[in-house]
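Engineer: Show me the folded form of this:
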Amino acid sequence: MFNIPGKNAVTMTPAAIKQITKLMDRDGRHGLRIGVKKGGCAGMEYTMDYVDAADPNDEVVEQDGARVLIAPMAQMFLFGTEIDYETSLLESGFKFRNPNVTDACGCGESIKFKDVEELRAEQQG
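Structural biologist: Now for the predicted structure:
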């Protein structure tokens, strides 16, 4: 795990907290699991899924009633990310402000991360 004492792996804006708690309450879910998978034109994509229970290896972040679970393989890539929820005239959805992203495609759905060794070095010291 890539924990720094006293610091959550991710943070959530008030808008994200409101939306996540709304989804948890509406559907009676334990929280939202965030991960990453290969795909898209830049190489990786974020994933979000409802969960009914935490996996023992998930990193659990709770903030003002909102619960986000970070899948084990995504923890290193998401450390330091701010999760927001934005509503515009054309779309609404979660946005990730991730300091570990080095490139993104034009649509913003696909990202590329720093090298794994570079991420480990930054997070450990």
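
Engineer: Compute the distance between the residue nearest the centre of the chain and Gln75, please.
Structural biologist: Nearest to the mean C-alpha position of the chain, by Cα atoms, centre = their mean, lies Ile34 at 4.8 Å. Going from Ile34 to Gln75 by Cβ to Cβ, to the nearest Å gives 10 Å. (Glycine included, C-beta is placed from N, CA and C.)

Engineer: got any ranges where the protein has weak pLDDT?
Structural biologist: Confidence mapping of the chain against pLDDT under 70 gives the ranges 1-7, 40-42, 103-125.

Engineer: for it, longest helix please?
Structural biologist: As assigned by DSSP state H, the longest helix anywhere in the chain is helix 14-27.

Engineer: Of all the residues in it, which ones are buried?
Structural biologist: Buried positions in helix 14-27, judged by neighbour count with 16 or more other Cβ atoms under 10 Å: Ala16, Ile17, Gln19, Ile20, Thr21, Met24.
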